[in-house]
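Peer 1: mind looking at a prediction? Sequence and model below.
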Amino acid sequence: MIDFNLKDKVAIVTGGGSGIGRSAALRLGAAGAKIVVADLNQTNAEETCVMLKEQRVQSVPYTLDVARAAEVEAMVAYAVKTFGRLDCAVNNAGIQGEIVPTVDCSEENWDRITSTNLKGVFLCLKYELRQMLKQESGAIVNIASNFGLVGSAHMPAYSAAKHGVVGLTKTAALEVAQRGIRVNAVCPGPTLTPLSQNAIDLDPSIPDAIMTRLPIARWGTAEEVAEAITWLCSDAARLLVGAIVPVDGGYVAQ
Ligand SMILES: NC(=O)c1ccc[n+]([C@@H]2O[C@H](COP(=O)([O-])OP(=O)(O)OC[C@H]3O[C@@H](n4cnc5c(N)ncnc54)[C@H](O)[C@@H]3O)[C@@H](O)[C@H]2O)c1
């Protein structure tokens, strides 16, 4: 395992109770960071903290909805109150929503997906950056998607939200580049997690359809995505500013 050395750093991981977020929390912890595991699902956040404790990593669970400003502001305040500062943030919480063509996408589905996947990332950035600007240091990794770089038929709100995360990442990165803070994004491709498993359960034809379009011809793992996230959080990626990094087995290379 590469030593990214995040010793004594403090990290928030939203959506840390499952999938990519849980793997990111475990990997950042293995690199030495203390972790705030933030999630809508309290039980799952606590479960990740138990796993971190087994690795002798200090962590605390935090329950919130990333689409609510007051809760996001309180999460950052809690991280600072608990561990004294905020060095890294992984804005990962996300949902898939309904898979329907644009003509059938309800207003409710649109609002639900964009609230969590786009407004949630904006709110996290806003309050994390306020703290990091006080410190004049920090690294933020937003989790977008391969569908933030190319369209995805039948996922209008998801794809629009993820394209939004890409734009937000570049914009925030420009604003704070000279203040010791880096903002970057990872764009995972098909990755086996509870989210993708749920999609497969709804439509069992998905794996075959994806494999015909995926150069690497296999699913990614949450651990592989977490590796890229940890690298971007570390000083090893100190020249990366506003970078949008596909971690997708070649999906957007074609
Ligand atoms: N799995 C994939 O194939 C894939 C591909 C590209 C991008 N992504 C993105 O990666 C991120 C993580 O996805 P995953 O596959 O690990 O999903 P997951 O469902 O396994 O985990 C997502 C976590 O986010 C939490 N969450 C959802 N809404 C929340 C909210 N409003 N506030 C706080 N927490 C909330 C959930 O409780 C869950 O623990 C998402 O942003 C997703 O869009 C996933």
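Peer 2: Structure received. Numbering: from 1, shown residues only.
Peer 1: what residues does this structure put near the ligand?
Peer 2: Residues of the chain lying close to the ligand (C-beta under 6 Å from any ligand atom) are 14-15, 17-21, 39-41, 44, 64-67, 92-95, 116, 120, 143, 145, 188, 190-191, 193-196. From N, CA and C alone the C-beta is placed, and that goes for glycine too.
Peer 1: after the top helix by length along the chain, which helix or strand is next?
Peer 2: The helix that spans the most residues within the chain, counting by DSSP state H, is helix 156-176. Per DSSP states H and E, the first helix or strand lying C-terminal to helix 156-176 is strand 181-188.
Peer 1: with just CA atoms, put that following strand into CSV.
Peer 2: The C-alpha trace of strand 181-188 is given here as CSV (Å, rounded to 0.1, in the frame of the first residue of the first chain):
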residue,chain,number,x,y,z
ILE,A,181,-6.2,24.9,-0.6
ARG,A,182,-6.7,22.4,-3.4
VAL,A,183,-10.1,21.3,-4.8
ASN,A,184,-10.2,18.4,-7.2
ALA,A,185,-12.8,15.8,-8.3
VAL,A,186,-12.8,12.1,-8.9
CYS,A,187,-15.1,10.6,-11.6
PRO,A,188,-15.7,7.0,-10.7
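Peer 1: now do whatever helix or strand comes next after that strand: which elements does it pack against?
Peer 2: Toward the C-terminus, strand 181-188 is succeeded by strand 191-192 as the next helix or strand (DSSP H and E). In terms of contacts (3 or more C-beta pairs under 8 Å, 6 or more residues apart in numbering; DSSP states H and E), strand 191-192 is packed against strand 220-221, helix 222-233.
Peer 1: just to revisit the earlier point, so which of the residues of the chain next to the ligand belong to helices?
Peer 2: Using DSSP H, these in helices are 19-21, 44, 120, 194-196.
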